[in-house]
Structure formats: C-alpha cells, structure tokens
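1. Need a 3D model of the following:
(one chain, ligands or ions: 2)
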Amino acid sequence: MAGFLLPAEAASSSSSAPNELQQMPFEEPPPSQFIVKESAFGSVESSPPLVQIPIVDVSLVFSSQDELEKLKNALSSWGCFQAIGHGISSSFLDKVREAAEQFFSLPMEEKHKCFRAVNEAEGYGSDLIVSDKQILDWSNRLFLMVFPENQRRLNLWPEMPNDFGEILIEYATKIRSLMDLCFKAMAKSLQLEEDIFLKHFGDQAVVQARYNFYPPCPRSDLVLGLKSHSDKSGVTILLQDQQVEGLQLFKDGTWFKVPIIPQALIVNLGDQMEIMSNGIFKSPLHRVTTNTERMRVSVAMLIEPAAEQEIGPVDDLVDEKRPRLYQNVKNYGAFNYHCYQKGLVALDAVKM
Ligand SMILES: O=C(O)CCC(=O)C(=O)O
Ligand SMILES: [Fe+2]
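-> Ligands and ions are numbered 1, 2, ... in the order given. Got it, this is the predicted structure:
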C-alpha cells in the first residue's frame, strides 16, 4: 500500500488550506499532534476485553415488560445497547454503508466539493481545531444536517454516488422513527408520560449525520481514530463497520471492545438525555482505536434539541430522594465539542 489519507489540519500548519488532506507515506511515524498521551482514561489499548453489551429487541419494548426492563438497565449501566428488531432491513443498512464507502473512496477533487469551511463543523474534513493543545483524531468525517429540512446545506452534500442524498434522507427518516420509539420506551421504563422526552426535543429537533472514516494507522498503539468522548446528542444511533472493530466503551474504570453485530444498530445515549433523565441514564465515554491494516467506516446519526432550546432534568425525576444533578443548558452541542477538544468532560461542567 502506497499511502493513506491523513487528516488535514494536523499535518498542515498552513491556515490557508486547513482542510486540504495530505497524502503521507505509510511508513511515516504519526505527526506528534496525533500522539495520545497518558490521560485520566488510560493509554491506547487496542485489545481490551471484548464484551457483549446488552442486546434489546426494540420491537418488543411496548409488549414485553422484560424487554423494557432490559432497555432501562442497559441505559442506566452501559448507556447503550445493540438494538435488534428495529425494522430496517440488512440490505438497506448495507446500502448506507456502501454509499459512505463510495464517498470516502472518491478522488480528492470530488470530495473537495463538500469540504467544510475553516471554522464550521458541517461538511467534510478532519478535526475542527479549537485549541492548540488539541490531540488530533486519526479520522475524517462528513457531517451533515438532515432535519429540520429547511436547514440542510445541500451544497455540502455529496453528488457522488448519485443516490447519496436519497439514501441519507431515507435512512434519517427511518432512524428518526427509531429515535422516537426509544424516547417513548425510555419514558415508559421510568413510569413517565410517554411523550415527555420527545416534547423536550420539540418539533425543531436537529438530526445530524456523521460519517466517520478511519484510515489504517501504522501506530495504532499511539493514536486514536476518535478520542475518548461522550456524545453531545440526546441519543446517537450508530451503524458500525461490518467487519472492522474499533469502538470501545469505558465502564467501571475499564475499556471494553464492542463487538460487531452486522444487522444491529447501537443506541448510544448522549449527554443531553443524561441531563434530562437527571442522571438515571448514562452517557458513556467511548472512543475508537485504529487498525494497522484496514480502514474502517461508521455512520452515526445524532438527535438533539434546537440550539436555542433550553433543556434540563424533567420535573418528575427530581425530588427529595433524587435532587437535581444538572443545571439547565442551552446550545450544549457546541459547548460539549469545545470541552472535548480540550480534554474536559462537558457533563461535569454543568453539574449542580
Ligand atoms: O465509529 C464509531 O464506532 C463511533 C463513532 C462515534 O463515537 C461518533 O461519531 O460519535
Ligand atoms: Fe461518539
């Protein structure tokens, strides 16, 4: 293999073309900005225990109390589960993966059309730099707003493969239904009115797609595809690569590898639902390691309330036995990103 794409801003100190990805020889050691130093969460460990995180058949959560309990227990311990019975066919999931792979393998001139602007998150590129101490992720991503529909920036959407947009809209529509089902099930599992979380998201809820591309990395012992983070979202639904593992979850002081179940979707609770549930549901720390030989692709769909909408713990989950754990917040997405890139935990900063 002659080379791989290196996330841009990393190697380039030129601020005039921060998005220009560079071609680096495979043998080169990773530039120092990528090297993960020892952190509170330990060093890069590519072979931790492989654990089966809970599996929930979401087609049963309204008919089986056991399945609903499983969902509740999963979200209050791991903060995530593998969803089966979600009703999206395996052939359609393959189509979503294929469209992502086809986009990432296009020539750079073609991907260039989707490049994000220097200070914006939306579009194609590598890490948005917000701190000079930032350790860079060994990945490129395509980040697109899908809902509300009038906020789509179609000039950043890939033209190739030519059905990319159509597949994304169909996928996002199906995922939005799955998210709604999860929010209702979460409420029911806590004996709350079923629409309570949905109402907090409002009719202007934002759904974003994040296509992640992790090139092979010769030093997967030193570098991360995506640093340790918890998601800014209410909930994230993740379609993993069908063959290449990489996702790890942090629980009880240990990193665990998340196995691949090709037809499952990972429901990963985000910070904003941890806040709304007053800490009952957990937004887990997770990260992605790199692979020395194989690239990896994943597609994450995130939902959060509109930036200007204030959210906080729902009243019914605050009482004398369970005092309010979090402040009310607005525009939490941007705040979370800034904390993340500085190595801080955003949720800690909004605790009472
Ligand atoms: O690539 C993955 O498996 C995880 C991606 C992720 O955590 C994210 O996009 O927030
Ligand atoms: Fe994530």
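2. Show the contacting residues for the residue lying closest to Pro284 once chain neighbours are set aside.
-> With CB to CB, 6 or more residues apart in numbering as the criterion, Pro284 has its nearest non-adjacent residue at 3.5 Å, and that residue is Gly79. Bear in mind the C-beta positions are built from the backbone N, C-alpha and C, glycine included. Gly79 makes contact with Leu249, Asn268, Leu269, Glu274, Phe281, Lys282, Ser283, Pro284 under the criterion CB atoms under 8 Å, 6 or more residues apart in numbering.
3. which other residues reach stretch 29-40?
-> If you take CB under 8 Å, 6+ apart as the criterion, stretch 29-40 is touched by 6, 10-11, 43-44, 134-138, 217-219, 222-224, 227-228, 343.
4. Can you show me the helices along this protein?
-> All helices of the chain, identified by DSSP state H, fall at 8-11, 65-77, 90-104, 108-112, 164-189, 196-201, 271-276, 332-341, 346-349.
5. quick one, the second one and helix 164-189 angle?
-> Translated: helix 65-77. Compare the direction of helix 65-77 with that of helix 164-189 by axes from the mean of the first three to the mean of the last three CA atoms, to 10 degrees and you get 100 degrees.
6. Report the buried residues of helix 65-77.
-> By neighbour count on 16 or more other CB atoms under 10 Å, the buried set for helix 65-77 is Glu67, Leu68, Lys70, Leu71, Lys72, Ala74, Leu75, Ser76, Ser77.
7. Pull that helix out as PDB, backbone CA atoms only.
-> Only the C-alpha atoms of helix 65-77 are listed here, as PDB (Å, rounded to 0.1, in the frame of the first residue of the first chain):
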ATOM      1  CA  GLN A  65     -42.000  -5.700  30.400                       C
ATOM      2  CA  ASP A  66     -38.800  -7.800  30.500                       C
ATOM      3  CA  GLU A  67     -37.600  -6.200  27.300                       C
ATOM      4  CA  LEU A  68     -38.400  -2.700  28.600                       C
ATOM      5  CA  GLU A  69     -36.500  -3.500  31.800                       C
ATOM      6  CA  LYS A  70     -33.600  -4.600  29.700                       C
ATOM      7  CA  LEU A  71     -33.600  -1.300  27.900                       C
ATOM      8  CA  LYS A  72     -33.800   0.600  31.200                       C
ATOM      9  CA  ASN A  73     -31.000  -1.400  32.800                       C
ATOM     10  CA  ALA A  74     -28.800  -1.100  29.700                       C
ATOM     11  CA  LEU A  75     -29.200   2.700  29.600                       C
ATOM     12  CA  SER A  76     -28.600   3.100  33.300                       C
ATOM     13  CA  SER A  77     -25.500   1.000  33.400                       C
END
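8. Next, find the distance separating whatever residue of the stretch 1-150 of the chain ends up closest to ligand 1 from Ala185.
-> Of the residues in the stretch 1-150 of the chain, the one nearest ligand 1 is Arg141, at a distance of 7.3 Å by CB to the nearest ligand atom. Going from Arg141 to Ala185 by CB to CB, to the nearest Å gives 29 Å.
9. Next: Gly85.
-> When Gly85 is compared with Ala185 (using CB to CB), they lie 12 Å apart.
10. Check Leu347 too.
-> 23 Å.
11. cool, Phe164 as well?
-> According to CB to CB, Phe164 and Ala185 sit 31 Å apart.
12. picking that back up, from the helices of the chain, which stretch is densest packed?
-> Here the criterion is mean neighbour count by mean count of other CB atoms under 10 Å, and of the helices of the chain the winner is helix 271-276, at a mean of 27.
13. elements contacting that one?
-> Under the contact criterion of 3 or more CB pairs under 8 Å, 6 or more residues apart in numbering; DSSP states H and E, the helices and strands touching helix 271-276 comprise helix 196-201, helix 332-341, helix 346-349.
14. mind redoing it with 10 Å?
-> For helix 271-276, the elements it packs on are helix 164-189, helix 196-201, strand 235-239, strand 296-304, helix 332-341, helix 346-349, judged by 3 or more CB pairs under 10 Å, 6 or more residues apart in numbering; DSSP states H and E.
15. can I get the CA coordinates of stretch 239-249 in CSV?
-> Only the C-alpha atoms of stretch 239-249 are listed here, as CSV (Å, rounded to 0.1, in the frame of the first residue of the first chain):
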residue,chain,number,x,y,z
LEU,A,239,-24.1,1.8,12.3
GLN,A,240,-20.8,0.1,12.8
ASP,A,241,-18.4,-1.1,10.1
GLN,A,242,-19.5,-4.6,9.1
GLN,A,243,-16.0,-6.1,9.6
VAL,A,244,-13.6,-3.9,11.3
GLU,A,245,-13.9,-3.4,15.1
GLY,A,246,-12.7,-0.3,16.8
LEU,A,247,-15.4,1.1,19.1
GLN,A,248,-14.6,0.9,22.8
LEU,A,249,-16.7,1.8,25.8
